[in-house]
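1. I'll drop the sequence and a predicted model, then ask my questions.
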Amino acid sequence: MPGAVVCGAMGRMGRAILAVLSTGSHGISLSGAVEAGGHPLLSRDAFEAAGVGKAGIPVTDDFAKAVAAADVAIDFTGADASAGNAAAAAAAGKPIVIGSTGLSPAHMDRIRNAAATVAIVQSPNMSVGVNLMFRVASDVARVLGEEYDVEIVETHHRFKKDAPSGTAVRLADAVAAALGRSMEDAGVYGRRGMVGERTRKEIGVLAVRAGDVVGDHTLVFGGIGERFEITHRAHSRDTFARGAVRAAAWVLGKPPGLYDMADVLGLAR
């Protein structure tokens with residue numbers, strides 16, 4: 001059975017992925033677990049530390065060594081670490097799945113460079129439902145056109161560091177492209193004070209941070225006399241973890257290139 005090394009293994013998403021791997025879902029097993037140097041759980045059994053049994057695989061801080069012994073890497077760390085891990089995976093000749101958000105253009109350039117050598121699946125959201133939402137959002141925007149105002153509201157837990165969420169950014173980009181706009185020109189991120197009447201071209205994005213919300217996204221198309229809304233609510237991180245493991249199984253044997261969950265799910269146009 002192919003083995004995956006999980007980067008950010010002791011984080012919230014990392015533990016959820018370990019739980020999925022402990023079941024052998026999608027024919028992928030655990031081959032390594034990596035955390036940052038100095039993490040208090042280094043050297044602990046990975047499954048045991050995640051509360052899902054015993055793996056016989058200790059948590060380590062040596063990604064280069066762990067990825068060399070793996071068939072694929074799954075990375076949920078942070079923007080800087082993910083870009084570095086993509087380069088390390090490329091150096092080892094191993095594909096990698098990246099789910100970190102907050103990636104800057106510079107981070108994406110490094111990931112694209114690595115994708116010239118190995119296959120990389122990069123997506124801000126690994127949920128099957130959310131990726132279907134991306135597709136539906138584009139279709140709805142094209143049908144409704146210029147007569148409907150577009151707003152996006154996303155809610156996440158208080159610990160999330162980036163705003164708006166990568167999912168909201170991808171939703172906004174999908175709608176903007178379908179309408180022939182760019183978020184650089186049309187994006188409005190929150191409103192305050194006497195901002196004046198809403199323009200017809202703007203696409204609003206509002207980030208809410210509260211409690212332990214896993215992730216809610218609502219896309220609003222507001223017309224005169226009606227409102228059309230698409231909402232996705234993640235009840236647990238299991239949906240993202242299962243999607244990430246599914247992506248890891250899919251990317252094995254793929255030619256070098258940068259892929260996303262639309263490719264994994266067969267939704268790419």
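-> The structure has been received and is ready for your questions.
2. just the strands in the protein please.
-> Shown for the chain, the strands assigned by DSSP state E span residues 3-7, 29-34, 59-60, 72-75, 96-98, 119-122, 149-156, 187-189, 203-209, 215-222, 227-234, 257-259.
3. for those, which one sits closest to residue 132?
-> strand 227-234 (8.6 Å; CB to CB). Bear in mind the C-beta positions are built from the backbone N, C-alpha and C, glycine included.
4. show me the contacts for the closest residue to residue 122 other than its chain neighbours.
-> Residue nearest to residue 122 in three dimensions, not counting chain neighbours: residue 98, with 4.4 Å by CB to CB, 6 or more residues apart in numbering. By CB atoms under 8 Å, 6 or more residues apart in numbering, the contact set of residue 98 is 75, 82, 85, 86, 111, 120, 121, 122, 123.
5. Turn the residues you listed into TSV, columns for distance to residue 41 and neighbour count.
-> Listed next are those as TSV, based on distance: CB to CB, whole Å; neighbours: other CB atoms under 10 Å:
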residue	distance to residue 41	neighbour count
75	18	30
82	20	25
85	19	25
86	24	27
111	27	23
120	27	26
121	27	28
122	26	24
123	27	26
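6. Those residues: which two are farthest apart?
-> Using CB to CB, the contacts of residue 98 span at most 15.4 Å, a distance reached by 85 and 123.
7. contacting residues for the closest residue to residue 190 other than its chain neighbours?
-> Leaving aside its sequence neighbours, residue 190 sits nearest to residue 206 (CB to CB, 6+ apart; 5.8 Å). By CB under 8 Å, 6+ apart, residue 206 lies in contact with 151, 152, 153, 154, 164, 189, 190.
8. mind redoing it with 10 Å?
-> Residues counted as contacts of residue 206 (CB atoms under 10 Å, 6 or more residues apart in numbering) are 151-155, 163-164, 168, 188-191, 218.
9. ok, now residue 159?
-> 12, 209, 211, 212.
10. same check, this time on residue 189
-> By CB under 10 Å, 6+ apart, residue 189 lies in contact with 152, 163, 164, 168, 172, 183, 203, 204, 205, 206, 207.
11. which residues of the protein score low on pLDDT?
-> Applying pLDDT under 70 to the chain picks out residues 269.
12. hey, where'd the helices end up in this protein?
-> In the chain, the helices defined using DSSP state H lie at 12-21, 46-50, 63-68, 79-92, 105-115, 128-144, 166-178, 183-186, 238-251, 261-264.
13. Out of those helices, which is closest to residue 28?
-> With distances scored as CB to CB, the stretch of those nearest to residue 28 is helix 238-251 (5.3 Å).
14. and the direction of the closest one versus that of strand 227-234, what angle?
-> 80 degrees (axes from the mean of the first three to the mean of the last three CA atoms, to 10 degrees).
15. Buried residues in helix 238-251, which are they?
-> 239-251 (16 or more other CB atoms under 10 Å).
16. May I see the residues you listed arranged in TSV, with distance to residue 16 as well?
-> TSV is the format used below for those (distance: CB to CB, whole Å):
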residue	distance to residue 16
239	9
240	7
241	4
242	9
243	11
244	9
245	10
246	13
247	14
248	14
249	16
250	19
251	19
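17. Among those residues, which one lies nearest to residue 231?
-> Nearest member of these to residue 231, counting by CB to CB, is residue 239, at 14.6 Å.
18. who's in contact with the closest one?
-> By CB under 10 Å, 6+ apart, the residues touching residue 239 are 16, 125, 126, 127, 128, 129, 130, 214, 215, 232.
19. repeat that for 6 Å
-> For residue 239, the contact set (CB atoms under 6 Å, 6 or more residues apart in numbering) comprises residue 127.
20. Now do the residue nearest to residue 122 against residue 166, distance only.
-> Using CB to CB, to the nearest Å, one gets 11 Å for the distance from residue 98 to residue 166.
21. correct me, but residue 246 touches residue 26?
-> Yes: assessed by CB atoms under 6 Å, residue 246 is found in contact with residue 26 at 5.4 Å.
22. quick one: the residue nearest to residue 122 from residue 129, how far?
-> Separation of residue 98 from residue 129 (CB to CB) stands at 20 Å.
23. Same question for residue 229.
-> Noted for residue 229: a distance of 15 Å to residue 129, by CB to CB.
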